[in-house]
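Trainee: Pasting the sequence and the predicted model now:
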Amino acid sequence: MHVQLEREVASFVGKEAAIVFGMGFATNSLTLPMLARGPGTLVISDALNHASIVAGVRGSGARVQVFRHNQPTHLERVLRAAVAEGQPRSRRPWKKILVVVEGIYSMEGEVCRLPEIAALTKRYKAYLYLDEAHSIGALGDGGRGVTEHLGVPPSDVDVMMGTFTKAFVSCGGYIAGDASLIAHLRASSPTLYATTMSPPAAQQALSALRLIRGAEGTGGRGREKLKQLRDNSNFFRDGLRALGCEGLGDRDSPVMPVMLYNPAKIPAFSRECLARHLAVVVVGFPATPLLLSRARVCISAAHSREDLAAALLVMADIIELLGLRYGGQAKGAPRLPPAAVEAPAARCEREAEEAEPKRGRKAGGRTPQRRR
């Protein structure tokens, strides 16, 4: 099953071979030290790369330089200086230069400027490592990630990393690349001593992959889900913009942070949402800079338009209450389906009251009181 999953992942992303790992975070943190090992290697990393990338680069022992977030012009300056000046002190040429970026940045929702970055790595003869944890299965007409979304050939990316924890609803991750690269990782990666994906998790990832690919018997459901995900993401992003809050990220991206800024508003936003029966994820320091706190919204194809509209209604009240209109005055509420007009909290109360007689009464004939 694991061998079949690796073969189908490699075919899906357009690479010769792939290897799967039991944990998404460890896919980066254990692989990067194998690719950027020791002195003579330079890693050039985006300033807002994920913590798993940071951990892997730190563990590699390589020299590290950071370029400004998603700015190819600054990346070119760093690459030019690295090639021209060489290693510190000795001025010998670097043995290897590795550029590391993400497909969709997890805390920004922005899509990587991959065409420009890939062109630079080819020009300066550097290797390109692409983390597609949030973009694989979400971007592109066929769900193949940011390479398909932006029209970049997979051959322009040397190492393609992804996880099964988002679009594939499982656990673990993968590395895809040339057959020689994967053979090297199989022989030297610390995952030799780690637990691999469990068979149920591997089967779940394989089934989701076949659904996205439109394998025989799936009836085109994968394409429908990809379209629904894009429609849902753009609907919710337009709704947030109409409410006047400051949302980050690019069109079609299912990751959209809502800026809170003030750290005191992190618990306030979370508790106000929870009081209205809406669960949200809030993010603060050290995952983000101290004064760039945010709530991160991740949209799913399984969300109905009524679900999203109801969430926007709740957030409209809280945005007004907490003063979160950093993006300007509201431009009018988004168009909401009739089923979403009823406030979510009131709907939950009504459903609970309707279900009350079905649960029966406790001894003594008293109806148990619901906690509020």
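Mentor: In hand now; what should we look at? Numbering: from 1, shown residues only.

Trainee: quick one, helices of the stretch 51-200 of the chain?
Mentor: Listed in chain order, the helices of the stretch 51-200 of the chain (DSSP state H, counting those that start in this stretch) span 51-58, 72-85, 114-123, 146-150, 179-188, 199-213.

Trainee: As a markdown table, those with mean neighbour count and mean pLDDT would be great.
Mentor: For glycine as for every other residue, the C-beta is placed from the backbone atoms N, C-alpha and C. Output for those, formatted as a markdown table (neighbours: other C-beta atoms under 10 Å; pLDDT from 0 to 100):
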| stretch | mean neighbour count | mean pLDDT |
| --- | --- | --- |
| helix 51-58 | 20 | 94 |
| helix 72-85 | 16 | 96 |
| helix 114-123 | 18 | 97 |
| helix 146-150 | 23 | 96 |
| helix 179-188 | 14 | 93 |
| helix 199-213 | 19 | 94 |
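
Trainee: nearest to H2, of the ones you listed?
Mentor: helix 199-213 (5.4 Å; C-beta to C-beta).

Trainee: so after the closest one, what's the next helix or strand?
Mentor: Next along the chain after helix 199-213, taking DSSP states H and E as the criterion, comes helix 221-243.

Trainee: just to revisit the earlier point, I'd like to know which of the helices of the stretch 51-200 of the chain is closest to V13.
Mentor: In terms of C-beta to C-beta, the element of those nearest to V13 is helix 146-150, at 7.7 Å.

Trainee: now the closest one: how far from the chain's centre is it?
Mentor: Between the mean C-alpha location of helix 146-150 and the chain-wide mean there is a distance of 15 Å, by C-alpha atoms, centre = their mean, to the nearest Å.

Trainee: Tell me who's in contact with the residue nearest the centre of the chain.
Mentor: Closest to where the C-alpha atoms of the chain average out (C-alpha atoms, centre = their mean) is H134, at 2.8 Å. Counting by C-beta atoms under 8 Å, 6 or more residues apart in numbering, H134 touches 102-106, 166, 254-255.

Trainee: one step back: Serialize the helices of the stretch 51-200 of the chain to TSV and add fields for distance to M161.
Mentor: Formatted as TSV, the helices of the stretch 51-200 of the chain follow (distance: least, C-beta to C-beta, whole Å):
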stretch	distance to M161
helix 51-58	9
helix 72-85	19
helix 114-123	14
helix 146-150	12
helix 179-188	11
helix 199-213	15
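
Trainee: Break this structure down into its domains, please.
Mentor: 2-213, 221-356 (automatic domain parsing).

Trainee: pLDDT averaged over the shortest one, what's the number?
Mentor: Put plainly, it is domain 221-356. Mean pLDDT, domain 221-356: 85.

Trainee: before we move on, back to that, which residue is the nearest non-sequential neighbour of the residue nearest to the centre of the chain?
Mentor: I104 (4.0 Å; C-beta to C-beta, 6 or more residues apart in numbering).

Trainee: looking at the sheet around the one you found, what are its partners?
Mentor: I104 forms beta bridges with V111, as assigned by DSSP bridges.

Trainee: Distance of G220 relative to P190?
Mentor: Separation of G220 from P190 (C-beta to C-beta, to the nearest Å) stands at 41 Å.

Trainee: Name the residue in those two with the higher neighbour count.
Mentor: Comparing G220 with P190 by other C-beta atoms under 10 Å, the one with more neighbours is P190, at 12 against 9.

Trainee: Touching, the more buried one and L32? I think so.
Mentor: No: with contacts counted by C-beta atoms under 8 Å, P190 stays clear of L32, the gap being 11.7 Å.

Trainee: ok, back up a step: dump the contacts of H134 into TSV; add distance to T27 and neighbour count as well.
Mentor: Below are the contacts of H134 laid out as TSV (distance: C-beta to C-beta, whole Å; neighbours: other C-beta atoms under 10 Å):
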residue	distance to T27	neighbour count
E102	13	26
G103	14	27
I104	16	27
Y105	17	26
S106	14	22
K166	13	22
P254	20	27
V255	19	24
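
Trainee: how much space between D252 and L150?
Mentor: 11 Å.

Trainee: for I97, same thing?
Mentor: On the measure of C-beta to C-beta, I97 and L150 end up 22 Å apart.

Trainee: thinking S293 is in contact with N262, fair?
Mentor: Yes: when contacts are counted by C-beta under 8 Å, S293 is listed as touching N262 (6.8 Å).

Trainee: neighbour count winner among the two?
Mentor: Taking neighbours as other C-beta under 10 Å, S293 and N262 compare with S293 leading, 22 against 15.

Trainee: List the contacts of the residue nearest to G142 when sequence neighbours are not counted.
Mentor: Nearest residue to G142, sequence neighbours excluded (C-beta to C-beta, 6+ apart): E148, at 6.0 Å. When contacts are counted by C-beta under 8 Å, 6+ apart, E148 is found next to 139-142.

Trainee: between the residues you listed, which has the most around it?
Mentor: L139 (28 neighbours).

Trainee: Give me the phi and psi for that one.
Mentor: Backbone geometry at L139, expressed as degrees, to the nearest 10, gives phi -110, psi 160.
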